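Enquirer: Starting from these lines, generate the structure:
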Amino acid sequence: MNIQHMKYAVEIANTRSMSKAAENLYTSQPNLSRAIKDLENDLKIKIFKRSSKGIEVTIDGEEFLLYARNALAQIKKIESIYENRNESKLRLTVSVPRASYFSYAISDFAKSLDPNSPTEIMYKETNSMRTILNIAKEEYDLGIVRYQSGFDIYFKSLFDEKKFQYEVINEFSYMLAVSKNNPLAKKEKVEISDLENFMEITHGDPYVPTLPQIDVKRAELSQFTNKRIMVFERGVQFTLLEQVPNTFMWVSPIPQDLLDKFNLVQLKCDFNTKTYKDVLIHRKKYHLSKLDQMFIDRVIKAKNMYFN
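Expert: Here you go, the predicted structure:
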């Protein structure tokens, strides 16, 4: 019996939705359906059934899920015991937005580490939903979530529901990043209408809790053009901006040496009035370690350096 399939079954039971479970597990619905079918074939029982109310758990399924939850809890406990066996190992696990000042913060942080001390660093760039899941499932200890200030109520409600401690560490407006060869780079003042004939580069997985994805994309994507390239990795955005001069991207301030490296400029646009927040989150029961605080200090240092 596959442990991953057990995890899938528990998530479906928790959400009572194949689509929501697939979204939370970062897999496809067909893959999830196949996994549950294999699990049911192995056990020779039916775990779930569909009804007018959606997905329901069968009697056999209830019994299985009881054992599955207990088994997964024991597996997690065993993993925790052996992860922490070496008490002298320094460990930092952090999940952050795809932004340049965080990469500079982690680089500055890494330089300060003792090369003779056993250390394990997990640094993940991702979207707000994945970061929240990473912290809630205790896969990561620290997270930084980025969202539009107008969505404050949605995120704070979710943070409270998940029993997170949270603190705003930065608030800012996006700037326009373009190639030095882009005609926009030569304008004294960029107007809304100037963007109409250019292609936007944007991250393709925006997220706001409880809002339909179509409404989130409408709020997050630029209304000034209907041409865009959606990316999911931070590195490729700079290559696109440099190599495709008719592109632009809304970004948090980029350090000058990185702009120079990719032959870019960043422009402040008065018409872009949206503000964004970067919010530090962690579980309330989690106590920040010395290493956690060192990283947070480097983030604040980078913010002060590149945003002021």
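Enquirer: Contacts made by stretch 232-247 with the rest, please.
Expert: Contacts with stretch 232-247, where a contact means CB atoms under 8 Å, 6 or more residues apart in numbering, come from 98-100, 103, 125, 177-179, 181-182, 197-201, 203-205, 229, 231, 248-249, 258, 261-264. In short, each C-beta sits where N, CA and C put it, glycine included.
Enquirer: Can I get that stretch in CSV? Just the C-alpha atoms.
Expert: Extracted in CSV, the C-alpha atoms of stretch 232-247 (Å, rounded to 0.1, in the frame of the first residue of the first chain):
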residue,chain,number,x,y,z
PHE,A,232,6.3,30.3,-12.6
GLU,A,233,10.0,30.7,-12.1
ARG,A,234,11.7,34.0,-11.2
GLY,A,235,14.8,33.5,-13.2
VAL,A,236,13.1,33.2,-16.6
GLN,A,237,11.4,36.6,-16.2
PHE,A,238,14.7,38.5,-16.4
THR,A,239,15.7,36.5,-19.5
LEU,A,240,12.4,37.3,-21.2
LEU,A,241,12.6,41.0,-20.3
GLU,A,242,16.2,41.2,-21.7
GLN,A,243,15.7,39.2,-24.8
VAL,A,244,12.2,40.3,-25.8
PRO,A,245,12.3,44.1,-25.8
ASN,A,246,8.5,44.6,-26.2
THR,A,247,7.8,43.1,-22.8
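Enquirer: picking up where we left off before, so which of the contacts of stretch 232-247 sit within strands?
Expert: 125, 177-179, 199-201, 203, 229, 231, 248-249, 264 (DSSP state E).
Enquirer: Please indicate which of those residues are buried?
Expert: Those of those that meet the buried threshold are E125, A177, V178, S179, M199, E200, I201, H203, V231, F248, M249, L264, by 16 or more other CB atoms under 10 Å.
Enquirer: how about those residues in TSV, adding distance to D270 and pLDDT?
Expert: As requested, those are exported to TSV (distance: CB to CB, whole Å; pLDDT from 0 to 100):
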residue	distance to D270	pLDDT
E125	30	93
A177	17	95
V178	16	95
S179	22	96
M199	22	92
E200	19	91
I201	22	91
H203	24	85
V231	27	86
F248	16	94
M249	18	93
L264	20	96
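Enquirer: Could I get the full set of helices for the stretch 51-200 of the chain?
Expert: Counting by DSSP state H, counting those that start in this stretch, the stretch 51-200 of the chain has helices at residues 59-83, 100-111, 128-136, 152-161.
Enquirer: Ranking those helices by mean neighbour count, which comes first?
Expert: Highest mean neighbour count among the helices of the stretch 51-200 of the chain (mean count of other CB atoms under 10 Å): helix 128-136, with a mean of 21.
Enquirer: Show me what counts as buried in stretch 195-213.
Expert: Buried positions in stretch 195-213, judged by neighbour count with 16+ other CB under 10 Å: L195, F198, M199, E200, I201, T202, H203, D205, P206, Y207, V208, P209.
Enquirer: of all the residues you listed, which two lie farthest apart?
Expert: F198 and P209 (31.6 Å; CB to CB).
Enquirer: residues in contact with stretch 29-45?
Expert: 1-2, 4-6, 8-9, 12, 18-19, 21-22, 25, 46-48, 58, 60-61, 64.
Enquirer: are any of those buried, and which?
Expert: Counted by 16+ other CB under 10 Å, those give 5-6, 8-9, 12, 18, 21-22, 25, 47-48, 61, 64 as buried.
Enquirer: can you name the farthest residue from the center of this structure?
Expert: Relative to the centre of the chain, the most outlying C-alpha is that of K44, 38.0 Å out, by CA atoms, centre = their mean.
Enquirer: If anything else comes up later, I'll come back, but that's it for now.
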